[in-house]
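Novice: after the sequence you'll find the predicted model.
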Amino acid sequence: MQAASTRRKASLLLTSIVVAMSLVMVGANVLKERQQRRSVAMAMTQGDPSQAPPIFRKYGCGGCHVIPGVAGADGKVGGPLVDLRERVYLAGVVENTSENLVSWIVSPQRFSQHSAMPATGITEPEARHLAAYLYAQ
């Protein structure tokens with residue numbers, strides 16, 4: 001009876017170790033993928049995603065858009081700024097390239113005079129940080 005109990009404990013311990021190692025490996029892969037997206041986004045835009053959240057807050061972007069990772073950015077006026085790197089077009093009017101995204105952020109009316117997105121006064125260097133953040137998500 002004691003031998004059976006010892007075997008069950010050993011089996012439970014082994015299962016726990018396998019599950020823990022699997023979770024660590026999944027976590028490591030998620031971090032690696034996130035870092036790769038961040039590096040690519042920085043190379044594409046010459047921006048730094050870590051500088052974007054205060055810029056989003058400064059210009060009130062979250063009042064109109066859902067922006068993952070930015071506290072309070074839950075607006076419903078504009079589209080959610082999620083999975084931007086996977087989109088073919090920006091706002092349905094221009095090809096999704098890093099330069100077009102930066103230009104769109106700085107001056108959306110340049111691409112569509114009927115855009116509801118206002119010219120916010122965001123500078124090109126700030127727009128590069130925002131674009132890097134959005135592509136890194």
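Specialist: Ah, there it is. The model shown is predicted, which means the values in this text are computed figures rather than measured ones. Numbering: from 1, shown residues only.

Novice: how much space is there between Pro54 and Val77?
Specialist: Using CB to CB, to the nearest Å, Pro54 is found at 21 Å from Val77. Where C-beta positions appear, they are placed from N, C-alpha and C, glycine not excepted.

Novice: for these two, indicate the residue with more neighbours.
Specialist: With neighbours defined as other CB atoms under 10 Å, Pro54 and Val77 compare such that Pro54 has more, 12 against 9.

Novice: measure that one to His65 for me?
Specialist: Taking CB to CB, one finds Pro54 at 16 Å from His65.

Novice: ok, Arg37 next?
Specialist: As for Arg37, its distance to His65 is 20 Å (criterion: CB to CB).

Novice: check Ser5 too.
Specialist: According to CB to CB, Ser5 and His65 sit 57 Å apart.

Novice: so these two - more neighbours on which side?
Specialist: Set Ser5 next to His65 and count neighbours by other CB under 10 Å: His65 wins out with 21 against 9.

Novice: residues touching that one, list them.
Specialist: Neighbouring residues of His65 by CB atoms under 8 Å, 6 or more residues apart in numbering: Ala73, Gly75, Val77, Gly78, Gly79, Pro80, Leu81.

Novice: and for Cys61?
Specialist: Ile67, Val70, Ala73, Gly75, Leu81, Thr120, Leu130.

Novice: and it, what pLDDT?
Specialist: pLDDT for Cys61: 96.

Novice: quick one: it and Gly75, what's the gap?
Specialist: The gap separating Cys61 from Gly75 is 8 Å, by CB to CB.

Novice: residues that sit against both of the two, list them.
Specialist: Contacts common to Cys61 and Gly75, judged by CB under 8 Å, 6+ apart, are absent.

Novice: now the helices for this structure?
Specialist: 2-45, 52-59, 98-106, 124-136 (DSSP state H).
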